[in-house]
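**Q** following is a predicted model, sequence given first.
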Amino acid sequence: MKKFVLALCALLFLLPATVFASLPDVPVGYAVLDQAGVLSPETRAHLVERNQLLFELTGGEVRFLVVDYLPRGFADLEAYAVAVFEHWGIGDRNRENGVLVVLGVREEPRRFWITTGTGLHAGLPRSALNELTESYFLSAYDAGAYDQAVQGLFAALVEQSLSSQEALALFQHGKYIPAAGNLHLLAHD
């Protein structure tokens, strides 16, 4: 019985280390980690460049993690996204204004989860996230047009989360072009 208790304690001690070890390292460039290899180099470069500008001006970040399947050791994509969000330290620590989008592109059906920092909960409640994904993401994602889906969702998330002062700062840097009914935020030059 004593050996059983010791073995159980050792297992419980090693379990968090196993889960932690399955979390990916922070990606080079910080904006996107495409472990599934479905995003073009142009989309990845676009996200890195625009995310760097966003971080410099606001401290906010919108990062993407693309995986084939949900890694073992996690109950669901939400639990995995939250663990990666915490591990990567997304957004400004004081403002808690980071966003992580995790895509499971080989899952059946395809799955995704968006995790936001608590500083964005008022501006990006779950209802707004649902609306943004319906409008700018789902049809392209479901069709396998991952570049279009990711770029559309990136622009929509940034636009929705910016304050008017942050939008003005981006506009003054020539990186924000508001247009009625169209998202041109951090658009390609």
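**A** Now that the structure is in, tell me what you want to look at.

**Q** who touches the strand or helix carrying residue 63?
**A** Taking DSSP states H and E as the definition, residue 63 sits inside strand 61-67. Among residues not part of strand 61-67, those counted as contacts by Cβ atoms under 8 Å, 6 or more residues apart in numbering are 24, 27, 30-36, 38-39, 47, 51, 54-55, 81, 84, 88, 90-91, 97-105, 146, 150, 154, 157-158, 161. (Each C-beta comes from the backbone N, C-alpha and C, glycine too.)

**Q** helices or strands up against the helix or strand containing residue 114?
**A** Following DSSP H and E, the helix or strand that holds residue 114 is strand 111-116. With contacts taken as 3 or more Cβ pairs under 8 Å, 6 or more residues apart in numbering; DSSP states H and E, strand 111-116 sits against helix 77-88, strand 98-104, helix 126-136.

**Q** apply 7 Å and report the result again.
**A** If you count contacts as 3 or more Cβ pairs under 7 Å, 6 or more residues apart in numbering; DSSP states H and E, strand 111-116 packs onto helix 77-88, strand 98-104.

**Q** which of these sits most buried?
**A** Comparing those on average neighbours per residue, with mean count of other Cβ atoms under 10 Å, the densest one is strand 98-104 at a mean of 24.

**Q** who does that one touch, helix- and strand-wise?
**A** Secondary-structure packing of strand 98-104 (3+ Cβ pairs under 7 Å, 6+ apart): strand 61-67, helix 77-88, strand 111-116, helix 146-161.

**Q** can I get the helices and strands packed on strand 111-116 in CSV with mean pLDDT?
**A** Shown next, in CSV, are these (pLDDT from 0 to 100):
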stretch, mean pLDDT
helix 77-88, 95
strand 98-104, 95
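
**Q** so which of the ones you listed is nearest residue 119?
**A** Counting by Cβ to Cβ, residue 119 lies closest to strand 98-104 out of these; the figure is 8.3 Å.

**Q** extract the CA atoms of the closest one and return them as PDB.
**A** This file holds the C-alpha atoms of strand 98-104, laid out as PDB (Å, rounded to 0.1, in the frame of the first residue of the first chain):
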ATOM      1  CA  GLY A  98      -3.600  40.000 -25.500                       C
ATOM      2  CA  VAL A  99      -5.500  37.700 -27.800                       C
ATOM      3  CA  LEU A 100      -4.600  34.100 -28.700                       C
ATOM      4  CA  VAL A 101      -6.400  32.200 -31.500                       C
ATOM      5  CA  VAL A 102      -5.700  28.500 -31.600                       C
ATOM      6  CA  LEU A 103      -6.800  26.500 -34.700                       C
ATOM      7  CA  GLY A 104      -7.000  22.800 -34.800                       C
END
